[in-house]
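1. Predicted coordinates and the sequence they were generated for:
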Amino acid sequence: MIALHHARTQAKSISLRARAYSHRWLVERGFPSGLPDEIKPKAERMFPEVREGVGIAVFGKSAIEKSVAPLIRDAMSDAVAECYADRKTDPAFVKGRMREARGMAIRRLLGRLGKDS
């Protein structure tokens, strides 16, 4: 597949759209593209790079809630990082793991509060 896409990027007889697709395919996988430099900007506009992201927000009204919000956010962030490291990027799966991590962090914090009193 690598050789096929690389050859397509170099072939002038192939449409720009097909060459641009092969360029993106190669670049996304970390392989060099044979597309000439003068065509690359147009090809990259046709097939832009896709970036994924996950938003995490934790709010608190009281001083105690505000002080533990970063701990909860960090637990949720760690869960997202684990999902992506395992290549499990389905939004429903990631959201479920974030919920689990949030619940576990809250239970841990409540357990600490119970021991301190």
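-> Right, received. Where do you want to start?

2. nearest spatial neighbour of residue 57, skipping sequence neighbours?
-> For residue 57, ignoring the flanking residues on the chain, the nearest one in space by Cβ to Cβ, 6 or more residues apart in numbering is residue 73 at 7.8 Å. Using the backbone N, CA and C atoms, a C-beta is placed for each residue, glycine as well.

3. what helix or strand is that neighbour on?
-> For residue 73, the host element (DSSP states H and E) is helix 63-85.

4. For that helix, list every residue counted as buried.
-> 68, 72, 73, 75, 76, 77, 79, 80, 83 (16 or more other Cβ atoms under 10 Å).

5. packing partners for it?
-> For helix 63-85, the packing partners by 3 or more Cβ pairs under 8 Å, 6 or more residues apart in numbering; DSSP states H and E come out as helix 91-116.

6. how far out from the middle of the chain is the helix it packs on?
-> What separates the centre of helix 91-116 from the centre of its chain is 22 Å, taken as Cα atoms, centre = their mean, to the nearest Å.

7. Let's test this: mean pLDDT of that helix, rounded?
-> Helix 91-116 comes out with an average pLDDT of 89.

8. That one vs helix 63-85, what angle?
-> On the basis of axes from the mean of the first three to the mean of the last three Cα atoms, to 10 degrees, helix 91-116 is oriented at 140 degrees to helix 63-85.

9. ok, the buried residues of helix 63-85 vs residue 1, which is closest?
-> Distances from residue 1 to those, taken as Cβ to Cβ, are shortest for residue 83 (27.2 Å).

10. Which pLDDT does the model give residue 52?
-> pLDDT recorded at residue 52 is 84.
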